[in-house]
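K.L.:
Sequence plus predicted model, see below.
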Amino acid sequence: MSPDDGTRRDEAVATLRRVAFLLERAQASSYRSEAFRAAATAVEQVPPARVATMVASGSLTDLTGVGARTAEVVALAWRGHDVPYLVELEKQLADQPSADDAATALRAALRGDLHAHTEASDGSTPIQEMVLAALELGHEYLAITDHSPRLTVANGLSAPRLRAQMAQIAALNAAVGPFVVLTGIECDILDDGSLDQDPELLDELDVVVASVHSKLRMDRAAMTRRMIAAVSNPRTDVLGHCTGRRLLGRQRPQSEFDARAVFEACAEHGVAVEINCRPDRLDPPHALLDVALAAGCDFSIDTDSHAPGQLDWQLTGAARAAAHGIGAERVINTWPVADLLARTHENTPNRR
């Protein structure tokens, strides 16, 4: 084996992952990004000398998970050549409008993301891939918040599955420190405002994001009571995508509720209002951000990512926050992880 073969293989794998990342960031078809991630995994598991032989013989497609396009990317990267597909994706990213100084500064102040999904529910990759992307973005921590059991369409986690994930995260933290992977959940807010998971198990998590996913057209008064009950629960840390609206694809109007009453309850109980960065959500709407700010709420700028590249959406949320004069001191994921955990554990002393 040439001494350079290991480096070349690693560079080829990094190129495949970068292509997948940019496709995910652009909300391209998940089929495309998953193909590049599958190829990266396949190539990474092959000894460098064998990869060298396969590149030379043009037989990379013999590997399960490597197709003609991904084989071409590997061969070009291996030989130190530009990869046109990657060059075009990088150009598309560079051509996007730049954010103003306030938004850029707020994004730079963010230390982590408190809302992210993995393949355990409806995300596309293992935890390790999400953590790797978060590290590359300069984060200090990432909360894994897969769905709760009631959301069966998203393969929500039963209590035993969530406990297994918590054990996996504990093992992962031993390997990735000082980066911290936070245990968490995106917990459904049930019709009566209760949370869709065992209370004792919620007590053991680092972060609980509570969100409405069902009966979004509920009567305004009933929805208000439902949401106030959820944010009054001491186990709730973040109110996720509060209106439930969808802006792209199969669009959905926002839920109706007394925003002032709900946000005042958030402020009273120390629940951060999520500024959801997903292009299809951008929730809360601008008018409700003003209401939350006036009510004295803190915020969490989260991507609600379902793939690694989507973790790079935080600038969008930072721009929305900055447009309303929301500074870093009002955004809880600008805080060091110890301060964040002190807050989330404040009302739930059984958390550990």
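P.N.:
That came through, no problem.
K.L.:
any idea whether Gln96 is helix, strand or coil?
P.N.:
coil (DSSP: H, G, I helix; E, B strand; the rest coil).
K.L.:
likewise Val273?
P.N.:
strand.
K.L.:
Show me the helices in the stretch 1-150 of the chain, by range?
P.N.:
Along the stretch 1-150 of the chain, counting by DSSP state H, counting those that start in this stretch, helices occupy 5-25, 30-44, 48-57, 68-78, 84-94, 101-109, 127-136.
K.L.:
Stretch 197-207: end-to-end distance?
P.N.:
End-to-end distance for stretch 197-207, by CA to CA, to the nearest Å: 13 Å.
K.L.:
for that stretch, the distance to its chain's centre please.
P.N.:
Relative to its chain's centre, stretch 197-207 lies at 20 Å (CA atoms, centre = their mean, to the nearest Å).
K.L.:
Touching, Ala229 and Asp192? I think so.
P.N.:
Yes - here Ala229 reaches Asp192: they are 6.7 Å apart, a contact under CB atoms under 8 Å. Every residue, glycine included, has its C-beta placed from N, CA and C.
K.L.:
who's more crowded, the two?
P.N.:
More neighbours surround Ala229 than the other of Ala229 and Asp192, with 17 against 10 (other CB atoms under 10 Å).
K.L.:
Now do the more buried one against Ala221, distance only.
P.N.:
Distance of Ala229 to Ala221, computed by CB to CB, to the nearest Å: 13 Å.
K.L.:
tell me what the lengthiest strand in the chain is packed against?
P.N.:
Longest among the strand segments of the chain by residue count, using DSSP state E, is strand 180-188. In terms of contacts (3 or more CB pairs under 8 Å, 6 or more residues apart in numbering; DSSP states H and E), strand 180-188 is packed against strand 141-144, helix 159-176, strand 207-211, helix 337-344.
K.L.:
give me that answer again for 7 Å
P.N.:
For strand 180-188, the packing partners by 3 or more CB pairs under 7 Å, 6 or more residues apart in numbering; DSSP states H and E come out as strand 141-144, helix 159-176, strand 207-211.
K.L.:
Now the first one - C-alpha only, PDB.
P.N.:
In PDB, the C-alpha atoms belonging to strand 141-144 read as follows (Å, rounded to 0.1, in the frame of the first residue of the first chain):
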ATOM      1  CA  TYR A 141     -23.300  20.400  21.400                       C
ATOM      2  CA  LEU A 142     -26.300  18.800  19.600                       C
ATOM      3  CA  ALA A 143     -29.500  17.600  21.100                       C
ATOM      4  CA  ILE A 144     -30.900  14.400  19.500                       C
END
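K.L.:
partner strands of that strand, parallel or antiparallel?
P.N.:
If you go by DSSP bridges, strand 141-144 pairs up with strand 112-113 (parallel), strand 180-188 (parallel).
K.L.:
and what of the last one?
P.N.:
For strand 207-211, the paired strands and their directions (DSSP bridges) read strand 180-188 (parallel), strand 238-239 (parallel).
K.L.:
What's the local residue count around the nearest residue to Ala71 once chain neighbours are set aside?
P.N.:
Once flanking residues are discounted, Ala71 sits nearest to Leu60: 3.8 Å by CB to CB, 6 or more residues apart in numbering. As a burial measure, Leu60 scores 24 neighbours (other CB under 10 Å).
K.L.:
is it true that Leu60 touches Val74?
P.N.:
Yes - with contact defined as CB atoms under 7 Å, Leu60 reaches Val74; the gap is 5.7 Å.
K.L.:
which residues do those two both contact?
P.N.:
Counting by CB atoms under 7 Å, 6 or more residues apart in numbering, no residue touches both Leu60 and Val74.
K.L.:
pLDDT weak spots in the stretch 1-150 of the chain?
P.N.:
Residue ranges of the stretch 1-150 of the chain with pLDDT under 70: 1-3.
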